[in-house]
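Next comes the sequence, and after it the predicted model I'd like to discuss.
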Amino acid sequence: MRFIWFPMLAALLFVSASAQASGGGSKEGGASSYAKLETFTVNLQGLTQYLQVDMSLKVADPKIAESIKGWSPVIRHELILLLSSQSGEELATLAGKKKVTGLIRSAINKVLKLDAKAGVTDVLFESFVIQ
């Protein structure tokens, strides 16, 4: 029985690794590209709470992901200013999280001098902790 599962597991791992290497797929059928940002930890407005967040950015073109790396210090600066100006009460809500994803997307596209269709198309939170 154990010998039957091994080939199935190996095939599953191969398919999973192949999907990750290609960047996955989008609904439109093409490859999607993502840029992972380093963890952000900021004091929130009022200085009694902090936010720690990990996020990835969905980009329109793989070249944009490389551009994000080059602009990383400026992008981090802008996002620290943006995130630290938010209140914990607002970020605790779904509407607040959705609002801040739009602000993050706009801030990064402004740094890159691109619009939402040619630059960062979505912001995906991988972890989001308010304490």
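Received the coordinates, thanks.

Contact partners for the residue nearest to the spatial centre of the chain?
In the chain, the residue lying closest to the centroid (CA atoms, centre = their mean) is S56, at 1.7 Å. Counting by CB atoms under 8 Å, 6 or more residues apart in numbering, S56 touches 34-37, 123-124, 126. C-beta here means a position set from N, CA and C on the backbone, and glycine is covered the same way.

try D54
Per CB under 8 Å, 6+ apart, neighbours of D54: 36-37, 39-40, 125-128.

Next step: the contacts of S56 restricted to strands.
34-36, 123-124, 126 (DSSP state E).

Give the buried subset of those as a PyMOL selection command.
Only the buried entries of the ones in strands among the contacts of S56 go into this PyMOL selection, using 16 or more other CB atoms under 10 Å:
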select buried, resi 35+123
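
Same list, the ones in strands among the contacts of S56, but as JSON lines with distance to L51 please.
Formatted as JSON lines, these follow (distance: CB to CB, whole Å):
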{"residue": "Y34", "distance to L51": "21"}
{"residue": "A35", "distance to L51": "20"}
{"residue": "K36", "distance to L51": "18"}
{"residue": "V123", "distance to L51": "14"}
{"residue": "L124", "distance to L51": "16"}
{"residue": "E126", "distance to L51": "14"}
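
can you redo the ones in strands among the contacts of S56 as TSV with pLDDT and distance to P62?
Shown next, in TSV, are the ones in strands among the contacts of S56 (pLDDT from 0 to 100; distance: CB to CB, whole Å):
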residue	pLDDT	distance to P62
Y34	95	9
A35	96	9
K36	96	13
V123	98	17
L124	98	16
E126	98	20
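
so who does the closest residue to K69 other than its chain neighbours touch?
Nearest-residue entry for K69: A35, 7.4 Å, with adjacent residues in sequence omitted and distances by CB to CB, 6 or more residues apart in numbering. Taking CB under 8 Å, 6+ apart as the criterion, A35 is in contact with 56-57, 59, 64-65, 68-69.

Mind checking which of those are in strands?
Using DSSP E, the contacts of A35 in strands are 56-57, 59.
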